[in-house]
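J.: Mind looking at a prediction? Sequence and model below.
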Amino acid sequence: MGIQICSFTPLSPLEVRLIEAVSPEVSLADFGKWTGDERQRQALARSDVVLAWTARFTRADAPRTRWFHGVGAGVDHLLSGDLFRGGDVILTNSSGVHAAPISEFVMANMLALARKLPRLMELKREHRWPSGQRGEFMVDEVAGKTVGIVGYGNIGRQVAARARAFGMRVLGLHSGRPRAAGTLRWGAVDIEPDAMYQPGQLHEMLTASDFVVLSVAATAQTAGLIGLSEFRAMKPTAYLINVSRGSVVVEEALIRAVREGLIAGAALDVFEQEPLPPDSPFYDLPNVIVSPHVAGLFSEFTARMADLFVENLRRFLAGEPMYNVVDPERGY
């Protein structure tokens, strides 16, 4: 009977061949992206497996589907429909595939904030040399500082590994998800923090941190996790770096915290509304770095995602436990 796969994400010819080579039973329809045209809908109706960024269709559109692989790490945007409500569709994601690049992005922003690079770039644009004002660039070393990682999963551990290389102390806040075994190939590293905190100890960890990195999944439990009381718990010299989801931070509270000096600044790659509106106050805050949700972009992403998908496809066909299985009720 065979296994029909629909892909709604761009794949290279090599990646297509690798997927089809898993078994002669496999047949792949590679559409590149979801448009919803009749040809795609007919293929979707016959598909056992779907590979896509989004799920802009219902269970009725995909009656045969038994497994959906989300190309990204976050699955919050996939759970609003009814595709996974019956519990008969396996949902997996690409968690870990871009953990290393995201951690490099975190460290780049951490160093940029610590070394006041936004101010230096401003002076360059203005063609100004700060004679007699060099004191404003007197900074503390990153070495010896403490980074608190909220959500100590694949990304958090990769951040920890790089922070340790800079001589930093690492604190972790348990993300709530169990540690998946055997996924080192796709981004996990075995780095234990100097101290691990439980969710009820968030303020305790914030108080001790010079940098706070958010890498939790977007769930009902993490919505608004960082608000005004959390900013008040942080050091006035501390920085916030968010590479998770905009919903995790109360943005009005963050704007107030930066303006009033409750914290020293922030680096934000994600926002409640994306694209970020042109009139957003974040653009005008000099001690806030804004980036357009690009922390996870890197040239080898699709190849690594396909590698994970191929291994999971082999396991799916063999009836073996799969990597990165998501509980739709929990959101991770």
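T.: Right, received. Where do you want to start?

J.: any idea which residue sits dead centre in this structure?
T.: residue 244 (4.7 Å; C-alpha atoms, centre = their mean).

J.: Enumerate every residue touching that one.
T.: 151, 214-218, 222, 270 (C-beta atoms under 8 Å, 6 or more residues apart in numbering). Heads up, the C-betas are built off the backbone N, CA and C, glycines and all.

J.: Check the secondary structure at it for me.
T.: Put simply, residue 244 is coil when judged by DSSP: H, G, I helix; E, B strand; the rest coil.

J.: Show me which residues of stretch 295-313 are buried.
T.: By neighbour count on 16 or more other C-beta atoms under 10 Å, the buried set for stretch 295-313 is 295-296, 298, 301-302, 304-313.

J.: cool, stretch 269-284 as well?
T.: In stretch 269-284, counting by 16+ other C-beta under 10 Å, buried: 269-271, 276, 280, 282.

J.: now for these, which pair is the farthest apart?
T.: Pairwise distances across the buried residues of stretch 269-284 (C-beta to C-beta) peak at 14.0 Å, for the pair 269 and 280.

J.: quick one: buried residues of stretch 153-168?
T.: Buried, per 16+ other C-beta under 10 Å, within stretch 153-168: 153-163, 166, 168.

J.: before we move on, the earlier item: now, which of the buried residues of stretch 295-313 lie within helices?
T.: Mapping the buried residues of stretch 295-313 onto helices (DSSP state H) picks out 301-302, 304-313.

J.: Which of those sits closest to residue 45?
T.: residue 313 (20.3 Å).

J.: returning to what we had before: the residue nearest to the residue nearest to the centre of the chain when sequence neighbours are not counted and residue 320: what is the separation?
T.: Nearest residue to residue 244 in three dimensions, chain neighbours excluded: residue 214, at 4.6 Å (C-beta to C-beta, 6 or more residues apart in numbering). In this view, residue 214 and residue 320 are 34 Å apart by C-beta to C-beta, to the nearest Å.

J.: Neighbour count: these two, which is higher?
T.: Legend: neighbour count by other C-beta atoms under 10 Å for residue 214 and residue 320, higher for residue 214 (26 against 10).

J.: Contacts only, for the residue located most distally from the centre of the chain.
T.: Centroid-distance maximum for the chain: residue 132 at 41.9 Å, with C-alpha atoms, centre = their mean. Applying C-beta under 8 Å, 6+ apart to residue 132 gives no contacts.

J.: One more: residue 303?
T.: Residue 303 touches 12, 15, counting by C-beta under 8 Å, 6+ apart.

J.: let's go with 10 Å and repeat that
T.: Counting by C-beta atoms under 10 Å, 6 or more residues apart in numbering, residue 303 touches 11-12, 14-15, 18, 97.

J.: Look up how far residue 33 lies from the closest residue to residue 266 other than its chain neighbours.
T.: The shortest distance from residue 266 to any non-neighbouring residue, by C-beta to C-beta, 6+ apart, is to residue 240 (4.3 Å). Distance, residue 240 to residue 33, by C-beta to C-beta: 34 Å.

J.: cool, residue 212 as well?
T.: Distance from residue 212 to residue 33, by C-beta to C-beta: 36 Å.
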